[in-house]
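>>> coords below, sequence missing:
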């Protein structure tokens with residue numbers, strides 16, 4: 001195998017990795033922006049408009065209520081996303097007055 005063959009093989013693999021990474025990002029973005037049902041994902045900023053709390057507080061709530069622990073928040077691409085339906089139920093169970101300032 002020549003040096004040119006190795007460079008071509010490396011370029012092919014780098015291109016494939018870039019395509020796979022772009023697909024992963026597109027899937028995460030699609031999940032994060034889905035808004036057509038109660039299982040849609042919203043950002044902490046959007047959640048603040050639902051409950052009236054500070055965004056920093058919502059992010060702390062996300063850390064304490066992750067989906068793998070039965071909660072409403074999941075981290076996608078290093079950013080919190082909140083399941084709208086689960087978050088709304090959480091607010092209803094704990095009373096909205098608790099969340100208002």
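Arrived safely, thanks for sending. None of the values given here were measured: they were computed from a predicted structure. Numbers count the residues shown, from 1 in each chain.
>>> where's residue 92 relative to residue 86, distance?
11 Å (Cβ to Cβ, to the nearest Å). Just so you know, the C-beta spots here come from the backbone N, C-alpha and C atoms, and that holds for glycine as well.
>>> These two - which one has more neighbours?
residue 86 (17 against 9; other Cβ atoms under 10 Å).
>>> Please settle this for me: is that one part of a helix?
Yes: under DSSP: H, G, I helix; E, B strand; the rest coil, residue 86 falls within a helix.
>>> That one and residue 60: what is the separation?
Counting by Cβ to Cβ - residue 86 and residue 60 are separated by 17 Å.
>>> Ok, residue 87 next?
According to Cβ to Cβ, residue 87 stands 14 Å off from residue 60.
>>> which residues do residue 92 and residue 86 both contact?
Common contact partners of residue 92 and residue 86 (Cβ atoms under 8 Å, 6 or more residues apart in numbering): none.
>>> quick one: the strands in the chain?
Along the chain, the segments classed as strands by DSSP state E run 41-42, 73-76, 79-83.
>>> of the ones you listed, which approaches residue 26 most closely?
Among the strands of the chain, the nearest to residue 26 by Cβ to Cβ is strand 73-76 (12.0 Å).
>>> where do the helices sit along this protein?
3-33, 44-51, 55-64, 84-94 (DSSP state H).
>>> Nearest to residue 76 among those helices would be which one?
Residue 76 sits nearest to helix 3-33 of all those, at 4.7 Å, using Cβ to Cβ.
>>> what is the mean pLDDT for the closest one?
Computed over helix 3-33, the mean pLDDT rounds to 85.
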